[in-house]
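Engineer: Can you look at this prediction? I've put the sequence above it.
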Amino acid sequence: MMKKPEIADRNEGSFTAQVQDEMVRKFFRLIFSGDNCLVELYQRPIVVSVDDVYLLNKQIEEKLSRQDTAPISFTAIASYETGKSQEYGSWERFKDDDWSSPEVLNSLSLTWRFMISLPGASKPSLHSVNVRISASLSPQHLIQAIFSKDPEEAERIELKMVTMSTRIDFVDHIISQELLDLVSKWNKGLRTPEYVFPFMKWVKYKTDAICRIVRKSVPTLTVAVCFSYFINYSQHLDKEAPLTGTIFTASVLWVMTSIILIYLSAIIGRWLASYIKKQLNRFGRFTSLELTKGDKNKQTEFLAKSRNSFWKFASSSLVALTWNVVGGIVTAILLKK
């Protein structure tokens, strides 16, 4: 039986994130006629701190202060890797948290709800802005998205596969577009994770090409050495001399040795390529959320792992390069003689 996530509530009578969002959405759809929404997905790598959240809240409040709006309702859901969730029923409660927890955040959902009185409308209209930030993409989410047959479930999983998503439920399109532009501009201003070695960003982008070169070049250079040795050996033989036992034995020995060397080099090439790919995939990992002490510790851990992966990548690449250079030099020497 699947264990239900633990919910640590700061308000009496608060609901879990899933139940609250579903009930609120259905409730407001019954009361208000508007059922339009804008959704924006952001895949750019970002790092969000507490100060960044404060800035976003300030910008949204300033934006809405220029409109004929009712007081803003703010809620936040902080989900942790342990399965526990922390709910905040107001901005004051969110701001009062010192974020000293050693736990690591998995996602942060921020929601602003407000009423706007539109010209000619008989009653105020509800608008809401939801910003969801994911710490990282889990392979489990990708697998679920591939095999999911439920469109709504696939949509929820898709939102987990981006670093950040924004959803605005609105009646007035102009105000909603302005709010979406505000959040998008805020996203562009967020800092990006720092690579330990900046040039590795390009190297990581070329992972498949590098692995393909390593996998094919190691056995290819081995084949070149074997055949260059055969050509060199055959040039020293008398073309008109009869086939002797010594020549036959040497030929059989060359064939067997070449097969063994090519087979071993193919295994080594595949292993080196797989090892390099593994290290490059580990390099540059980061968490998008840096609010708690646990987040900051994890970010430090990722940086340490990136340095370790870099040196493992460099050493394995050096082995492949040395193999190819030595093979090229030997081939050139044998063909020159």
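Structural biologist: Okay, I see it.
Engineer: What ranges does the chain have for its helices?
Structural biologist: 17-31, 50-65, 91-96, 139-147, 151-160, 173-189, 200-205, 207-235, 245-282, 293-336 (DSSP state H).
Engineer: chain center to stretch 181-201: distance?
Structural biologist: 13 Å (Cα atoms, centre = their mean, to the nearest Å).
Engineer: Can you give me the buried ones in it?
Structural biologist: By 16 or more other Cβ atoms under 10 Å, the buried positions in stretch 181-201 come out as 182, 183, 186, 187, 190, 193, 195, 196, 200. Just so you know, the C-beta spots here come from the backbone N, C-alpha and C atoms, and that holds for glycine as well.
Engineer: May I have the residues that are in contact with the nearest residue to the second one once chain neighbours are set aside?
Structural biologist: Okay, so that is residue 183. Of all residues not flanking residue 183 in the chain, residue 166 sits nearest, at 4.8 Å (Cβ to Cβ, 6 or more residues apart in numbering). Residues near residue 166 by Cβ atoms under 8 Å, 6 or more residues apart in numbering: 38, 39, 40, 42, 129, 130, 131, 132, 180, 183, 184.
Engineer: And residue 166, how far from residue 109?
Structural biologist: Going from residue 166 to residue 109 by Cβ to Cβ, to the nearest Å gives 11 Å.
Engineer: Residues that sit against both of the two, list them.
Structural biologist: Common neighbours of residue 166 and residue 109 (criterion: Cβ under 8 Å, 6+ apart): 130, 131, 132.
Engineer: Residue 109 is in contact with the first one, correct?
Structural biologist: The one in question is residue 130. Yes: the pair residue 130 and residue 109 qualifies as a contact (Cβ atoms under 8 Å) at a distance of 6.6 Å.
Engineer: ok, back up a step: highest neighbour count among the contacts of residue 166?
Structural biologist: residue 129 (26 neighbours; other Cβ atoms under 10 Å).
Engineer: Need the pLDDT of that residue.
Structural biologist: On the pLDDT scale, residue 129 is placed at 89.
Engineer: Can you tell me how far the residue nearest to it when sequence neighbours are not counted is from residue 99?
Structural biologist: The shortest distance from residue 129 to any residue other than its chain neighbours is 4.6 Å, reached at residue 112 (Cβ to Cβ, 6+ apart). The gap separating residue 112 from residue 99 is 20 Å, by Cβ to Cβ.
Engineer: Any chance of the backbone angles for residue 199?
Structural biologist: Dihedral pair for residue 199: phi -70, psi -20, per degrees, to the nearest 10.
Engineer: Alright, calling it a day.
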